[in-house]
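Student: with the input below, show me the fold.
(chains A and B)
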Amino acid sequence: GDSVTQMEGPVTLSEEAFLTINCTYTATGYPSLFWYVQYPGEGLQLLLKATKADDKGSNKGFEATYRKETTSFHLEKGSVQVSDSAVYFCALYSGGSNYKLTFGKGTLLTVNP
Amino acid sequence: KAGVTQTPRYLIKTRGQQVTLSCSPISGHRSVSWYQQTPGQGLQFLFEYFSETQRNKGNFPGRFSGRQFSNSRSEMNVSTLELGDSALYLCASSLGHRNPNTGELFFGEGSRLTVL
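Tutor: Residues are numbered from 1 along each chain as shown, chains lettered A, B, ... in the order given. Below is the predicted model of the structure:
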């Protein structure tokens, strides 16, 4: 079945540091890949997505590239801000008759000023 | 455009009781999914509805049930509550197409259930 593995953290960085959160997946076929973010006390919101191999998703300075050969979708940001403190979830959607997202466990990021 | 609305936001129940949670999707979205979020298990899929039909169900006991109405609003019910049912229950809506490129979900803020 589908599965997503991501580094669980927590991750603590200073403002303006470089961020990488690793994500690898197992899926049949060619899934779409997503990063969702959950700010304290809120639901999840889509951060970025990629729908095919070598696609790069980007939003708010965050980037992730769909690497089919390594089955990975690592999240990166060159310079984090305090406002980026949140939980980040990697997810995949394999479509067909599945109709569900499969999520990683989530990574708590804390950015200190 | 209004987002996904979940009610109630917080509730406290005791073991053995039942609870009903409500979700109003984004206008025009016909698919509603439910997820349970706990610190230990993370996000786990409960079920998905499209045009009043359940299309997929996660690995939860029969105490967890749901339904969708003709206006796409959805409810989920948990009967005979157990302590382990304490969680944040998230509802998400989408257009509901089969194409995996449209797997983007729009989440509500969740209903936080505490079972005492």
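Student: low-confidence stretches in chain B?
Tutor: Low-confidence segments of chain B, defined by pLDDT under 70, are located at B:1, B:96-102.
Student: most centrally placed residue in it?
Tutor: B:Trp34 (2.8 Å; C-alpha atoms, centre = their mean).
Student: ok, that one touching B:Gln54?
Tutor: No. With the criterion set as C-beta atoms under 8 Å, B:Trp34 and B:Gln54 do not qualify as a contacting pair; they are 10.5 Å apart. For the C-beta atoms, the positions are set from N, CA and C on the backbone; glycine is no exception.
Student: in the helix or strand encompassing the residue nearest to the centre of chain B, what's buried?
Tutor: Counting by DSSP states H and E, the secondary-structure element that holds B:Trp34 is strand B:31-38. Buried residues in strand B:31-38, defined by neighbour count with 16 or more other C-beta atoms under 10 Å in any protein chain shown: B:31-37.
Student: near chain A, which residues of chain B?
Tutor: Taking C-beta under 8 Å from any C-beta of the partner chain as the contact definition, chain B meets chain A at B:4, B:31, B:33, B:35, B:42-43, B:45, B:48, B:50, B:55-56, B:58, B:90, B:92, B:96, B:98-101, B:103-110.
Student: quick one, which of the residues you listed are buried?
Tutor: Neighbour counting over the residues of chain B next to chain A (16+ other C-beta under 10 Å) leaves B:4, B:31, B:33, B:35, B:42-43, B:45, B:48, B:50, B:55, B:90, B:92, B:96, B:100, B:103-110 as the buried ones.
Student: could you pull out the strands for the chain?
Tutor: I'll assume chain A. Counting by DSSP state E, the segments of chain A that form strands are A:3-6, A:11-14, A:19-21, A:23-26, A:32-38, A:44-50, A:56-59, A:62-65, A:75-77, A:86-93, A:102-103, A:107-112.
Student: sorry, I should have been clearer: chain B.
Tutor: Counting by DSSP E, chain B has strands at residues B:5-7, B:10-13, B:19-24, B:31-38, B:42-50, B:53-57, B:64-68, B:74-78, B:87-94, B:106-107, B:111-115.
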